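Student: generate a structure from the sequence data that follows.
(3 chains)
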Amino acid sequence: MELIKTKDCVYEYVKHDADGNECGKVRAVDGVSLDVEQGDFIAILGANGSGKSTFAKHLNAILVPNEGSVYVDGKLTSDPDNVWDVRQCTGMVFQNPDNQIIGQLVEEDVGFGPENLCVPTNEIWQRVEESLKAVGMYAYRKKSPAKLSGGQKQRVSIAGVLAMHPKCIVLDEPTAMLDPKGRKEVIRAARALNDVENISIILITHYMEEVIYANKVFIIDNGKVVMQGTPKEIFARVDELKQVGLEVPQVTLLAHELKSRGLNIADAVLTEAELIEELKKCSNL
Amino acid sequence: MLRDITLGQYYPADSLLHKLDPRVKIVGTIIYIAILFVADNVWGYLLAAMALGVMIVMSKVPVRFIFKGMRAIIFLLMITVVFNVFLTPGRVLFQWKAIKITYEGLLIAGTMAIRLIFLIVGTSIMTLTTTPNQLTDALEALMSPFKKIKLPVHEVAMMMSIALRFIPILMEETDKIMKAQMARGAGFDSKRLTDRAKSLIPLLVPLFVSAFRRANDLAMAMEARCYRGGERTRMKPLQYCSRDYMSYAVLWIVLIGAIVIRVLLPAMV
Amino acid sequence: MLEFVDVEYYYDSDMPGATPALRDINLKIEDGEFVGIIGHTGSGKSTLVQHMNGLLNPTKGKYIYDGTVIDAKSGNLKELRAKVGLVFQYPEHQLFEATVLEDVCFGPKNMGLTDDECKKRAVEALDKVGVDAKYYDASPFELSGGQKRRVAIAGVLAMSPRVLVLDEPTAGLDPEGRHDLLNMLKTLNDEGMTIVLVSHSMDDVAKYARRLVVIDNAYIAFDGTPTEVFSHKSELVNMGLNVPQITGIMQSLKSNGFDVDDTLFDVDAAAESIMKCLDRK
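Tutor: Numbers count the residues shown, from 1 in each chain, chains lettered A, B, ... in the order given. Predicted coordinates for the structure are as follows:
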């Protein structure tokens, strides 16, 4: 059974003008259907305003679809009785590192979720320790979150979700406000959880370099899924990506450029090492 | 200047005071305040000073750090002193035209100043040694009888804890927005009061917008982590141990001492 | 012309053991330059740019704008701030007026210009950043993120600065938004405006800036053309920075025996160089 299954998910909201009158509806999510299996690493890409974050909020029952359905672990999210089970099953990490840390100390923040789940005290401590170790933040457990870097704060947020023992973690543009170092830390932590703990990861982003590790990529534009496939399949379509306001990683772009100049290189080269291999093949001929 | 306010800040250290149950610290602070107001002679204040001194030493918080917080209230202190010195009737020590200084005025101003300083330092020792989370937990526990009359004790405690967490963030934000508007030629130092009030709009509007955005984000993040108020377990449940009972005993003894001093020894005024 | 002479800056200069946020800064930026200032979070780059319009004053040393020393005693900083426009990170957070046009007028109004002149400048500025006239009467809070940012930048441009300093202007924008914004800066620079672009993304600045200043741990670590700076790859990596992706690839290719130009950072030029190298074999 799929861990997450969305079918023709539609989300509309009513727009108001300056005087508070209704002035039309906006379809932020327009018929998205996708399946996530246990252990998947899914990337959802889209330009700003494409509806990708709105969609992500459906996976955690923060929003429920106007039309269509979202099932998480076999439970319909729009049934109010399922809300807390759904939220325990799919944890969520948001964009702004400052606006999602509740605790005054790192460990207290990680304990917040288990406390809400009524986990016994001894087990909370155990979970906090495990979770902080999994994201490499155990040494900071007694620190105030205010003293941490952006990347560290986001790792604490991931640990906070992890302590709730979810099957899936949705990361909603977790790196948008970070510097390159912080970005790397967060992606590395997410990948490790996927590899080691087999937790499904759904990464929402517009940074292409973060997508190459995913096993499935969905491109959302205007609330619709316009492309889906493996990173290789997606990144071979350089021009289509440009049309939806996205771009491929620079390596891929360079390989694409070389190919269009007549070099015999594979489609969608994703890493530097791959490109060098390909070029070595070319130069031997 | 905003950075100088140490009131409500936590200073991490490994001391007996830090380890004490926060409920004891709150009750202790209340008793300490009671002692201050019971005191009406030198011995009473000496007792309070001693209690304060012992607490400062025990807290392992640098004295300089504790008194840095005083800067913020110095203005309040001055006003209190000036009012009392000049406006208290009694035996005149010095007179110049309508202005006169009385013995009683000096005495009351002095005791008021001491009380105020002791009060601020005493309460800041509590906040310096207690994380806001512990503080709100303790408040919630101490106020739990009010739950019976349907007071939202838990919610109020949670609100306080969040407010405390966001104070430094909002202060930083204020600084940033102020600089951004100054870069657009805004001045926050106008002499005229009306201009000054007007100049605050470009600061306050973005600050409110930002506070609401943060509140919204935070509420979503809390719900996503299954927060629904009410029924929760605790990572750090409050549990009294022997040192807490001992502390209670000491506190009551000191309070009784203060009352005895007041009853047996003559008042100053 | 902006000039820093031996500038040192402390946030808490009265605290014993305080570490400086800036140290030994000697930097001269001529009119019409396009300078990229690079450093990771906390390196001191934001502190540096806040000196440029007098929001901060050096603890030691001198900051000079067009021959005038700017310090705590300099009286009218409003004039300097109109000449050196500073766009903060996430500038959309400073919007406050009821309409887009009024918000952009805020800067010119503070300069004491007449209402007509303010409006004229605001319209010009909004035009430059590509905000359509139909949004002039909209509330800035109703716009999309990218549009808000443009309006906020227009708010600084409306003061007609000669130098425009931007702190991480592309943070949070998608690829298209990023390109649009950087191209707009290039146009402004072509028209004669000095641009100082602060960023931690080498890829963003490499293509646009003609000069890079790398700040690390309160010091200026490197100052030169992009090509010069990118030749110090290992030092840059140690500072938590990196060379642009393309430069990195070219450098790896070179160390793998390919005879390519390893200072390039543009995809087309890199492809050109690789093709030439393969042709020769």
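
Student: what's residue A:63 in contact with, if anything?
Tutor: Contacts for residue A:63 were tallied using CB atoms under 8 Å, 6 or more residues apart in numbering or on different chains; they are A:11, A:54, A:57. C-beta: built from backbone N, CA, C; applies to glycine.

Student: get me the contact residues on the stretch 101-250 of chain B for chain A.
Tutor: Proximity of the stretch 101-250 of chain B to chain A, by CB under 8 Å from any CB of the partner chain, involves residues B:131-133, B:161-162, B:164-165, B:168-169, B:213-214, B:217-218, B:220-228, B:231-237.

Student: for ChimeraX, what selects the buried ones among those residues?
Tutor: Only the buried members of those enter the following ChimeraX selection, criterion being 16 or more other CB atoms under 10 Å in any protein chain shown:
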select /B:131,132,133,161,162,164,165,169,214,217,218,220,221,222,223,224,225,226,227,232,233,235,236
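
Student: low-confidence ranges in the chain?
Tutor: I went with chain A, as the question did not name one. When the per-residue scores of chain A are filtered using pLDDT under 70, the ranges that remain are A:17-20, A:285.

Student: meant chain C, my bad for not saying
Tutor: Regions of chain C meeting the criterion pLDDT under 70 cover residues C:13-17, C:281.

Student: which bits of it sit near chain A?
Tutor: Where chain C comes near chain A, counting by CB under 8 Å from any CB, the residues are C:40-42, C:139, C:142, C:144-146, C:171-177, C:200-201, C:203, C:240-242, C:244-246, C:248-249, C:252-253, C:256, C:258, C:267-268, C:270-271, C:274-275, C:278, C:281.

Student: 7 Å instead, please
Tutor: Counting by CB under 7 Å from any CB of the partner chain, chain C comes close to chain A at C:40-41, C:139, C:144-146, C:171-177, C:200-201, C:240, C:242, C:245-246, C:248-249, C:252-253, C:256, C:258, C:267-268, C:270-271, C:274-275, C:278, C:281.

Student: what is whatever helix or strand residue A:131 lives in packed up against?
Tutor: When secondary structure is defined by DSSP states H and E, residue A:131 falls within helix A:121-134. Helices and strands in packing contact with helix A:121-134 are listed as helix A:106-116, helix A:150-162; criterion 3 or more CB pairs under 7 Å, 6 or more residues apart in numbering or on different chains; DSSP states H and E.

Student: ok, residues contacting that helix?
Tutor: By CB atoms under 7 Å, 6 or more residues apart in numbering or on different chains, the list of residues contacting helix A:121-134 from outside reads A:107, A:110-111, A:114-115, A:119, A:138, A:141, A:159, A:162-163, A:193, B:233-235, B:237.

Student: follow-up on the earlier one: just the ones of the residues of the stretch 101-250 of chain B next to chain A in helices?
Tutor: Residues of those located in helices (DSSP state H): B:132-133, B:161-162, B:164-165, B:168-169, B:213-214, B:217-218, B:220-224.

Student: what about the closest residue to residue B:73 other than its chain neighbours, how many residues nearby?
Tutor: On the basis of CB to CB, 6 or more residues apart in numbering or on different chains, the spatially nearest residue to residue B:73 that is not a chain neighbour turns out to be residue B:120, at 5.9 Å. Look at residue B:120: counted by other CB atoms under 10 Å in any protein chain shown, it has 20 neighbours.

Student: which residues touch stretch C:140-150?
Tutor: Residues external to stretch C:140-150 that are found in contact with it (CB under 7 Å, 6+ apart): A:48-49, B:209, C:91-92, C:95, C:97, C:100, C:103, C:129-131, C:135, C:151, C:172-173, C:177.

Student: recalculate using a threshold of 8 Å.
Tutor: Outside stretch C:140-150, the residues within contact range by CB under 8 Å, 6+ apart are A:18, A:48-49, B:209, C:91-92, C:95, C:97, C:99-100, C:103, C:129-131, C:135, C:151, C:169, C:172-174, C:177, C:180-181.

Student: list the contacts of residue 93.
Tutor: Reading this off chain A. When contacts are counted by CB under 8 Å, 6+ apart, residue A:93 is found next to A:100, A:154, A:157-158, A:161, A:169-172, A:174.

Student: sorry, I should have been clearer: chain C.
Tutor: For residue C:93, the residues meeting the contact criterion (CB under 8 Å, 6+ apart) are B:173, B:176-177, B:180, B:206, B:209-210.

Student: just residue C:266 next, same as before
Tutor: Residues in contact with residue C:266 (CB under 8 Å, 6+ apart) are C:207, C:246.

Student: what angle sits between whichever strand or helix holds residue A:194 and helix A:121-134?
Tutor: Here residue A:194, judged by DSSP H and E, is contained in helix A:180-197. Compare the direction of helix A:180-197 with that of helix A:121-134 by axes from the mean of the first three to the mean of the last three CA atoms, to 10 degrees and you get 120 degrees.

Student: any part of helix A:180-197 near chain C?
Tutor: Yes. Shown here: helix A:180-197 in contact with chain C (CB under 8 Å from any CB) through A:180-182.

Student: and the single nearest residue of chain B relative to chain C, how far is that from residue C:105?
Tutor: Using CB to the nearest CB, the closest approach of chain B to chain C is made by residue B:185 at 3.1 Å. Summarising the geometry, the distance separating residue B:185 from residue C:105, computed by CB to CB, to the nearest Å, is 11 Å.

Student: check residue B:221 too.
Tutor: Looking at residue B:221 against residue C:105, where the rule is CB to CB, the gap reads 37 Å.

Student: chain B: strands as residue ranges?
Tutor: B:92-96, B:99-102 (DSSP state E).

Student: out of those, which one sits most buried?
Tutor: Stretch with highest mean neighbour count among the strands of chain B: strand B:99-102 (a mean of 16; mean count of other CB atoms under 10 Å in any protein chain shown).

Student: right, and residue C:70 touches residue C:55 too?
Tutor: No. The criterion here is CB atoms under 8 Å, and residue C:70 misses it with residue C:55 at 10.3 Å.

Student: before we move on, back to that, of the contacts of residue A:63, closest to chain C?
Tutor: Checking these against chain C with CB to the nearest CB, the nearest one is residue A:54 at 13.4 Å.
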